[in-house]
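A.B. asks: I'll drop the sequence and a predicted model, then ask my questions.
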Amino acid sequence: MSAEDTALYPLRLTVTAKPLVFGGHAIARRLGKRGLPDWSVAETWECSDVEGNRSVVTNGPLAGRTLHQVLSEQPEALMGAGFSGARFPVLTKFIDAAGTLPVHLHADDEAARRLEGQPNGKTEAWHILEAAPGATALCGVKEGITADRLRAALQAQDFDAVLRRLPVRAGETLYVPGGTLHSFGPDTLVYEIEQTSDIQQHAMRWHMEDGSPVDDQEHRSNLDMLMRQADLEYRPDFTPGLSIPVGDGVERVFLCAGPYFALERWRAGTTEPVRHTFATAHILSNVGAPVRVRTGAWSEELGRAETLLLPAACGGVEITGPADVLFGYLPDLDRDVRGPLLAAGYPLSLLRRFTATPT
């Protein structure tokens, strides 16, 4: 049987661990993720179709094939009816900001195509898993700051003079459109969902890979490109999300949603399992104790901080509680987000703001 004829099933994927200078050991020691190297880990890429960092299937008949190959061979079985994209559209990560991330931005779609030669930009969202008391994040330019003043402050590394500093609390989520200057940490543990891309422009005088210095010429060049991509108007805020009770002891929280991705957190006690139906691929990441995952005849345990990719062809999943899991996916906003929230009684005016993507 060819790969094209293989019925899709929940896919376990390789994880890429990134040893960036702001990382630590929280993904292993606090989240409980196994199989990581002993050195400090800043990020684990859980589901990726970024060139050079593509996830590879590790289980079942498709073991050894990249996520990119699976998508190319069975786009509708993986992503749902009508999908025709060139790559898997969503990237997910655990991020350990033991230190502070560099101040940086990612291009939006227009800037990515015009300035970076890339097919899309990188809008992202951070869901805060843990944060130390007093933790903060920088996100967005303060109101009234001109481009000249922003450039001068970035040159001087005086970030608080021009960027908004926000309190960070566990359980909240921040939707960060492309073009938004940002940073978070230290002492912050995050689940990040974003467009499939690794483009970025940094304002720092050090390289995040190894902490080595950025010389004056390179720094000026970096700021030149950053300023061509920076959005000075958008100022996002954290939100607790929108909650729906869906069963006896089962809670569904829409953390964020837009045209590029949606993220939900589901929690369940022991009385009733999580039962979720879907029509597009879902990235299932476990942020609680080990759980039993069932879809059709397939049933396996999903350990702490492990991830499964559930193809659209699965159609649904059952997770035995106690459970605390995240679902990330490319949504049909009316079907997957606005419909359930409207049915739960949320006003349309609120949902329009919740699912908007300012640029």
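C.D. replies: That came through fine. Numbers count the residues shown, from 1 in each chain.
A.B. asks: thought residue 263 was touching residue 325?
C.D. replies: No: Residue 263 lies out of contact with residue 325 (CB atoms under 8 Å); the separation is 11.3 Å. (C-beta placed from N, C-alpha, C; glycine too.)
A.B. asks: and those two? Which one has more around it.
C.D. replies: residue 263 (28 against 24; other CB atoms under 10 Å).
A.B. asks: where along the stretch 251-359 of the chain do the helices fall?
C.D. replies: Along the stretch 251-359 of the chain, the segments classed as helices by DSSP state H, counting those that start in this stretch run 339-343, 348-354.
A.B. asks: which helices and strands sit right next to the first one?
C.D. replies: Pointing back at helix 339-343 there. Helices and strands touching helix 339-343, by 3 or more CB pairs under 8 Å, 6 or more residues apart in numbering; DSSP states H and E, are strand 242-247, strand 250-257, helix 348-354.
A.B. asks: residues in contact with that helix?
C.D. replies: Contact partners of helix 339-343, identified using CB atoms under 8 Å, 6 or more residues apart in numbering, comprise 242, 244, 252, 254, 348, 351, 354.
A.B. asks: quick one: the third one and residue 242 touch, right?
C.D. replies: No: assessed by CB under 8 Å, residue 252 is found out of contact with residue 242, at 9.3 Å.
A.B. asks: so where do the strands sit in the stretch 101-250 of the chain?
C.D. replies: Remark: strands assigned in the stretch 101-250 of the chain by DSSP state E, counting those that start in this stretch are 104-105, 124-131, 136-141, 163-167, 173-176, 182-184, 188-195, 201-202, 242-247, 250-257.
A.B. asks: now the angle from the last one to strand 124-131?
C.D. replies: Read it as strand 250-257. Angle of strand 250-257 versus strand 124-131, following axes from the mean of the first three to the mean of the last three CA atoms, to 10 degrees, is 130 degrees.
A.B. asks: can I get strand 250-257 in PDB? Just the C-alpha atoms.
C.D. replies: Extracted C-alpha coordinates of strand 250-257, given in PDB (Å, rounded to 0.1, in the frame of the first residue of the first chain):
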ATOM      1  CA  VAL A 250     -15.600  19.400  31.400                       C
ATOM      2  CA  GLU A 251     -14.600  23.000  30.500                       C
ATOM      3  CA  ARG A 252     -13.700  24.300  27.000                       C
ATOM      4  CA  VAL A 253     -11.900  27.700  26.800                       C
ATOM      5  CA  PHE A 254     -11.300  29.500  23.500                       C
ATOM      6  CA  LEU A 255      -8.000  31.100  24.200                       C
ATOM      7  CA  CYS A 256      -7.600  33.000  20.900                       C
ATOM      8  CA  ALA A 257      -8.800  32.800  17.300                       C
END
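A.B. asks: among the helices of the stretch 251-359 of the chain, show me which one is buried the most.
C.D. replies: helix 339-343 (a mean of 15; mean count of other CB atoms under 10 Å).
A.B. asks: related to what we said a few turns ago, ok, which of the strands of the stretch 101-250 of the chain comes nearest residue 332?
C.D. replies: Closest of the strands of the stretch 101-250 of the chain to residue 332 is strand 250-257, at 10.6 Å (criterion: CB to CB).
A.B. asks: run the chain-centre distance for that closest one.
C.D. replies: Here the centre of strand 250-257 is set off from its chain's centre by 15 Å, with CA atoms, centre = their mean, to the nearest Å.
A.B. asks: partners of it in the sheet?
C.D. replies: With DSSP bridges as the test, strand 250-257 is paired with strand 242-247 (antiparallel), strand 262-268 (antiparallel).
A.B. asks: which stretch in those has the least confidence?
C.D. replies: Here these differ in mean pLDDT, and the lowest is strand 242-247 at a mean of 92.
A.B. asks: quick check: buried residues in that one?
C.D. replies: 242, 244, 246 (16 or more other CB atoms under 10 Å).
A.B. asks: pick the one among those residues closest to residue 335.
C.D. replies: Nearest to residue 335 among the buried residues of strand 242-247, counting by CB to CB, is residue 244 at 15.1 Å.
A.B. asks: circling back to that earlier point, I'd like the strands paired with strand 250-257 as JSON lines, with distance to residue 187 appended.
C.D. replies: Below are those laid out as JSON lines (distance: least, CB to CB, whole Å):
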{"stretch": "strand 242-247", "distance to residue 187": "27"}
{"stretch": "strand 262-268", "distance to residue 187": "21"}
